[in-house]
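> Predicted structure and sequence below. I'll ask about it afterward.
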There are 2 protein chains.
Amino acid sequence: MKPQPTLEDVARASGVSTATVSRVLNDSARVRRETCERVEAAIARLGYTPHFGGRMLASNRTDTIGAVIPTMENAIFARGLQTLEEELAAAGVTLLVATSNYDPAREARQIRALLGRGIDGLVLIGEARDPESYELLRRRGMPFVVVWTWRADCPWTCIGFDNRAAARGLADRVLDLGHRRIAMISGITLGNDRAAARLAGVREAMAARGLALDAGNLVEAAYTLEAGREAAARLLARAPRPTAIICGNDVLAAGAMLAIRVAGLRVPRDVSVTGFDDIELAQLLDPPLTTVRVPHRLMGQTAARVLLRMRAGEDGVESAMFGTTLVDRGSLQPPG
Amino acid sequence: MKPQPTLEDVARASGVSTATVSRVLNDSARVRRETCERVEAAIARLGYTPHFGGRMLASNRTDTIGAVIPTMENAIFARGLQTLEEELAAAGVTLLVATSNYDPAREARQIRALLGRGIDGLVLIGEARDPESYELLRRRGMPFVVVWTWRADCPWTCIGFDNRAAARGLADRVLDLGHRRIAMISGITLGNDRAAARLAGVREAMAARGLALDAGNLVEAAYTLEAGREAAARLLARAPRPTAIICGNDVLAAGAMLAIRVAGLRVPRDVSVTGFDDIELAQLLDPPLTTVRVPHRLMGQTAARVLLRMRAGEDGVESAMFGTTLVDRGSLQPPG
DNA sequence: TTGTACGCGTTATCAG
DNA sequence: CTGATAACGCGTACAA
């Protein structure tokens, strides 16, 4: 690691003071044109880059927003993150991503790590987490938003959609088609408010018709292909077999379809399957997956804008709720 | 953003000097046990966290490794990245990820941005890039590794596999099965050495049998589902139709299978399809995709270890080449 | 084992 | 429009 040119080197090389060089860098409007050009020439010639630590120490800003997402292994959060990053980059802000692997303790550590790096704001997925994390954010006065979830009386700024209502709508559709032997592969609800809300939505729809989700027809599974496959295998072994399997997300649904194929059954003729999230994968399955489209890009974009406003000192920024769409692709049909 | 407690606050609260607190933080061995405990108590009580900028300025280290990957939208780089992150985290090092969207100019900017943040090392995908970027890394003495590619006389430390040989092996299999009307959907080769190497490998296999890839049977496409679909549609419209389509990666292959289905044809009866990379998606397609498995995790793990050693001052760290496996899943069969 | 004091590179204040 | 100069928080020689 070689020594880098510093502000002082640039100042010396262009015959001005360090203050002027700093001004050229940050607020070039207040420097005479020709001075400015001389400085810029020196900067280019020396290959100078501002020292992040120095800047951070002096200004106490990093122009960096952090995000802790559960995983990058599947594409669930990728699209929203991409949008978030683009929107922030346009404002000269960098996005720092950390992953928790759906582990609350690890999420808490990652939040701490990001705070330690001096981020200016934070994006969190869902609202179920240790109160201590919220307390930490409050103490530090750290601007943050919660995405992928929304409820009326949420105490934080949340930018998302109503998981429960969306799941209820989906279950209503399943019920309308005449399914009665309904099973669900839910995400792990412990520590995951989105998974819990989706399960609650399905239960609600069934309850509205005097039905209940049989305990044996509910399996909680990690959001992976393998877990989805195993869960579905268990459900298919029941007698009588469910006619429809509602899955907590598209990855679980893909796993379920794999298990169904292995069992020598066909979707949707023998079993209907539904997903949730509408990731790219959904349209690639055979048959293409009936699922719930969620506002990936809108959430990313809005989170960026809200955080930028918070960073600018604006407060009282309110939550935002977006709608979801049921995307009918054929993996759900009437039973029998 | 509230003012944070500083080293000095902790020192005052525990009745020692800032130097001692600093020692407790970094090298607690050299502090008397009870002093140490008093300081740690104060740290906990005040909720102190070291200031990243201050630390960076004083020590000129960040315990951070950067990585610039083309995209997070599909899962291609996710698995390797996950492993990289875990391996680094175990050594107390944070991973900073930036994306280039397969755009060389954007990659150059991201490299610059990461350097500006004072990373201790860098992971780059592939070796095709602006000489200026390499020059910058050299000038700064920045340790870096190139992954996802390997060739014998590579001037950088590269940790990957032989894309050309793997593609040649795959094409050999296609040819062995009797295919002669072979088409290829290649990734954009300009500025992407992996895509170029894969194309070269296919050409090589054909040339070895006195065949050539007809110009009309080669389409370059961005690594997206949509682009793969469009490219395949073009190829299917040719007369005579190709009997096999070799795709530059699994995402392109998924797109191709979509187009084939839309055209009312079936894989592999009417057209065989092959992928590359073996991402999770490959086993979900119907039929499951015959593809080349690449050493995702091994690359991530090795990159981490090598960079950690470089950071420790070790030099002369040599490249590593891993093997690939042809995974036969059924989307490739002898021609009709 | 502990404390003092300086320097790291930048921004911001204030004076000119 | 520009220059001096004082912070900013931490690590580390050096001294005790």
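That came through, no problem.
> rest of the way, CA atoms for contacts and neighbours
Will do.
> now do the same end-to-end measure for stretch A:268-288.
10 Å (Cα to Cα, to the nearest Å).
> at contact distance from chain B, anything in it?
Yes - Stretch A:268-288 is in contact with chain B by Cα under 8 Å from any Cα of the partner chain, via A:281, A:284-286.
> out of these, which one sits closest to B:R203?
For these, the minimum distance to B:R203 (Cα to Cα) is 29.2 Å, reached by A:L284.
> Please enumerate the strands of the stretch 151-300 of chain A.
A:158-161, A:182-187, A:218-221, A:244-247, A:272-274, A:291-293 (DSSP state E, counting those that start in this stretch).
> Mind giving me the packing neighbours of the fourth one?
Under the contact definition 3 or more Cα pairs under 8 Å, 6 or more residues apart in numbering or on different chains; DSSP states H and E, strand A:244-247 sits against strand A:182-187, strand A:272-274.
> Repeat the analysis, applying 10 Å as the threshold.
Where contact means 3 or more Cα pairs under 10 Å, 6 or more residues apart in numbering or on different chains; DSSP states H and E, strand A:244-247 is packed against helix A:163-176, strand A:182-187, helix A:193-207, strand A:218-221, helix A:225-236, helix A:250-262, strand A:272-274.
> Distance of A:I182 relative to A:A167?
14 Å.
> how about CSV for the residues of stretch A:268-288 next to chain B, with neighbour count and pLDDT added?
Shown next, in CSV, are these (neighbours: other Cα atoms under 10 Å in any protein chain shown; pLDDT from 0 to 100):
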residue, neighbour count, pLDDT
A:L281, 21, 93
A:L284, 20, 93
A:L285, 22, 94
A:D286, 20, 90
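> now the helices: where do they sit in chain A?
A:7-14, A:18-26, A:33-46, A:52-59, A:78-90, A:104-116, A:131-140, A:163-176, A:193-207, A:225-236, A:250-262, A:281-284, A:296-311 (DSSP state H).
> hmm, the second one in reach of chain B?
Read it as helix A:18-26. No - using Cα under 10 Å from any Cα of the partner chain, helix A:18-26 stays clear of chain B, coming no nearer than 14.0 Å.
> how many degrees apart are that helix and helix A:33-46 in direction?
Orientation of helix A:18-26 against helix A:33-46 (axes from the mean of the first three to the mean of the last three Cα atoms, to 10 degrees) gives an angle of 90 degrees.
> Could you do the fourth one as well?
Going by the same axes, to 10 degrees, helix A:52-59 is angled at 150 degrees with respect to helix A:33-46.
> follow-up on the earlier one: as TSV, the strands of the stretch 151-300 of chain A with mean neighbour count and distance to B:T35 would be great.
Formatted as TSV, the strands of the stretch 151-300 of chain A follow (neighbours: other Cα atoms under 10 Å in any protein chain shown; distance: least, Cα to Cα, whole Å):
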stretch	mean neighbour count	distance to B:T35
strand A:158-161	26	44
strand A:182-187	25	47
strand A:218-221	20	48
strand A:244-247	28	55
strand A:272-274	30	60
strand A:291-293	24	57
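> would a markdown table of these with distance to A:D172 be doable?
Shown next, in a markdown table, are these (distance: least, Cα to Cα, whole Å):
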| stretch | distance to A:D172 |
| --- | --- |
| strand A:158-161 | 18 |
| strand A:182-187 | 11 |
| strand A:218-221 | 17 |
| strand A:244-247 | 11 |
| strand A:272-274 | 12 |
| strand A:291-293 | 13 |
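> Which among those is found nearest to DNA strand D?
DNA strand D lies closest to strand A:158-161 among the strands of the stretch 151-300 of chain A, at 30.4 Å (Cα to the nearest atom of the strand).
> Using PDB, write down the CA coordinates of that closest one.
Extracted in PDB, the C-alpha atoms of strand A:158-161 (Å, rounded to 0.1, in the frame of the first residue of the first chain):
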ATOM      1  CA  CYS A 158     -42.300   1.600   6.600                       C
ATOM      2  CA  ILE A 159     -42.300   1.400   2.900                       C
ATOM      3  CA  GLY A 160     -43.900  -1.700   1.700                       C
ATOM      4  CA  PHE A 161     -47.100  -3.600   1.200                       C
END
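> Which strands or helices does that strand pack on?
strand A:121-125, strand A:144-147, helix A:296-311, strand A:320-322.
> Pull the residues that contact it.
Residues outside strand A:158-161 that contact it (Cα atoms under 10 Å, 6 or more residues apart in numbering or on different chains) are A:123-127, A:144-152, A:194, A:294-296, A:298-303, A:306, A:317-324.
> filter the residues you listed to the buried ones?
A:123-127, A:144-151, A:194, A:294-296, A:298-303, A:306, A:319-322, A:324 (16 or more other Cα atoms under 10 Å in any protein chain shown).
> can you narrow these to ones near DNA strand C?
Among the buried ones among the contacts of strand A:158-161, proximity to DNA strand C is found for none (Cα under 7 Å from any atom of the strand).
> restrict the residues you listed to contacts with chain B.
Within the buried ones among the contacts of strand A:158-161, nothing lies near chain B by Cα under 10 Å from any Cα.
> Spit out the contact partners of A:P155.
A:P155 neighbours (Cα under 10 Å, 6+ apart): A:127, A:319.
> how near is the residue nearest to A:S22 when sequence neighbours are not counted to chain B?
Nearest non-adjacent residue to A:S22, counting by Cα to Cα, 6 or more residues apart in numbering or on different chains: A:L7, 7.4 Å away. To chain B, A:L7 is 14 Å away according to Cα to the nearest Cα, to the nearest Å.
> count of residues packed around A:L7?
20 (other Cα atoms under 10 Å in any protein chain shown).
> Serialize the helices and strands packed on strand A:244-247 to CSV and add fields for mean pLDDT.
Shown next, in CSV, are the helices and strands packed on strand A:244-247 (pLDDT from 0 to 100):
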stretch, mean pLDDT
helix A:163-176, 98
strand A:182-187, 98
helix A:193-207, 98
strand A:218-221, 98
helix A:225-236, 97
helix A:250-262, 97
strand A:272-274, 98
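> Buried deepest among the ones you listed, which one?
strand A:272-274 (a mean of 30; mean count of other Cα atoms under 10 Å in any protein chain shown).
> Now do that strand: which elements does it pack against?
In terms of contacts (3+ Cα pairs under 10 Å, 6+ apart), strand A:272-274 is packed against helix A:163-176, strand A:182-187, strand A:244-247, helix A:250-262, strand A:291-293.
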